[in-house]
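K.L.:
Please work out how this folds:
(one chain, ligands or ions: 1)
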Amino acid sequence: MEGAGRRHHRGRTRPLRLFVLLLLGGVASVGVALFAALANSRETATLHWHPTDADDFLWWNESMPVGRDLDWTLVDPRRRRVHLGLESITLEARAISRETGQPDVATAERIRAGWPRPCLEGVTWFLMRATSPPSSPEIVDEGLSPIDLGNGARLIPTRLIMGGLIVDSIVMATVFAGFGRIPSATRRIRGVFRRRAGRCPTCGYPGLEVRCSECGFRLDEPRGSC
Ligand SMILES: [Zn+2]
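P.N.:
Take a look at the predicted model:
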């Protein structure tokens, strides 16, 4: 009786249940991303080199907050450091200073966190102009919060990447939905084993009969009505 009632209830609230699962999935995704950014050190990540491409150049010119007036050329390679749930992409560029003829040098480190897709992002920009006095670079952090929990300072990305958040939320919601099915799946499997052992599938009372004398479960009733 209880199972039938619950099934009916579940059917009626399916959109709400889906919404809550996705909401929980979204919160969990951000939590996982923050945890990955806090727990992993970028210094110990696996380093990959890639040649820079047109997308990198486009991103550079659209995103850069300092030295926008300069004619930048990206320097190969792009360095990508990867840790589970955390990646950092470093781009470097040079531009010849019109005033001195010396190169202005800039780097951008994009820090992205999240699993399976990055859902949080932040960038730290570093610009060393040929005209600026030594050791006085311009540093701009966008969407990053420095946090130190005693294991070294970490730059935590705080800007949401919507595409990544949607993918991560769906994955997390699927995981949660799977966890939610574990109790009923366990009951069903236990029932099969009890039935094979000649016991009531519901309460395990020995002596399998058409109607269990202990809990009243009827073998001839449809499944799930225990
Ligand atoms: Zn029983």
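K.L.:
Pull up the residues of this protein that are close to the ion.
P.N.:
With the criterion set to C-beta under 5 Å from the ion, the chain comes near the ion through 200, 202, 203, 205, 212, 214, 215, 217. (Each C-beta comes from the backbone N, C-alpha and C, glycine too.)
K.L.:
Residue 206 reaches residue 195, doesn't it?
P.N.:
No - in this structure, residue 206 is not within contact of residue 195 by C-beta atoms under 8 Å, at 12.0 Å.
K.L.:
Neighbour count for those two, which is higher?
P.N.:
More crowded of residue 206 and residue 195, by other C-beta atoms under 10 Å: residue 195, with 14 against 10.
K.L.:
and the more buried one, helix, strand or coil?
P.N.:
Secondary structure assignment for residue 195 (DSSP: H, G, I helix; E, B strand; the rest coil): helix.
K.L.:
helices and strands around the helix or strand where residue 107 lies, which ones?
P.N.:
Secondary-structure assignment from DSSP states H and E places residue 107 in strand 103-113. If you count contacts as 3 or more C-beta pairs under 8 Å, 6 or more residues apart in numbering; DSSP states H and E, strand 103-113 packs onto helix 14-39, strand 86-96, strand 120-128, strand 153-157.
K.L.:
Report the buried residues of stretch 171-181.
P.N.:
171, 172, 173 (16 or more other C-beta atoms under 10 Å).
K.L.:
any chance of these in JSON lines, with pLDDT and secondary structure too?
P.N.:
Output for the buried residues of stretch 171-181, formatted as JSON lines (pLDDT from 0 to 100; DSSP: H, G, I helix; E, B strand; the rest coil):
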{"residue": "171", "pLDDT": "96", "secondary structure": "helix"}
{"residue": "172", "pLDDT": "95", "secondary structure": "helix"}
{"residue": "173", "pLDDT": "94", "secondary structure": "helix"}
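K.L.:
tell me which of the residues you listed is nearest to the ion?
P.N.:
If you rank those by distance to the ion using C-beta to the ion, residue 173 comes first, at 35.3 Å.
K.L.:
correct me, but the closest one touches residue 19?
P.N.:
No - judged on C-beta under 8 Å, residue 173 makes no contact with residue 19 at a distance of 9.7 Å.
K.L.:
Put the alpha carbons of stretch 57-77 into CSV.
P.N.:
Provided in CSV are the C-alpha atoms of stretch 57-77 (Å, rounded to 0.1, in the frame of the first residue of the first chain):
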residue,chain,number,x,y,z
PHE,A,57,44.5,35.2,-29.6
LEU,A,58,40.9,36.2,-29.8
TRP,A,59,40.4,35.5,-26.1
TRP,A,60,43.5,37.6,-25.2
ASN,A,61,42.5,40.6,-27.2
GLU,A,62,38.9,40.5,-25.9
SER,A,63,39.7,39.9,-22.3
MET,A,64,42.8,41.8,-21.5
PRO,A,65,42.2,44.6,-19.1
VAL,A,66,45.7,46.2,-19.2
GLY,A,67,47.7,47.3,-22.2
ARG,A,68,44.8,47.1,-24.6
ASP,A,69,46.4,49.8,-26.8
LEU,A,70,49.3,47.5,-27.7
ASP,A,71,49.7,45.2,-30.7
TRP,A,72,50.2,41.9,-28.9
THR,A,73,51.7,38.7,-30.3
LEU,A,74,51.2,35.5,-28.4
VAL,A,75,54.4,33.6,-27.4
ASP,A,76,54.3,29.8,-27.9
PRO,A,77,53.7,27.5,-26.1
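K.L.:
Cheers, nothing more for now.
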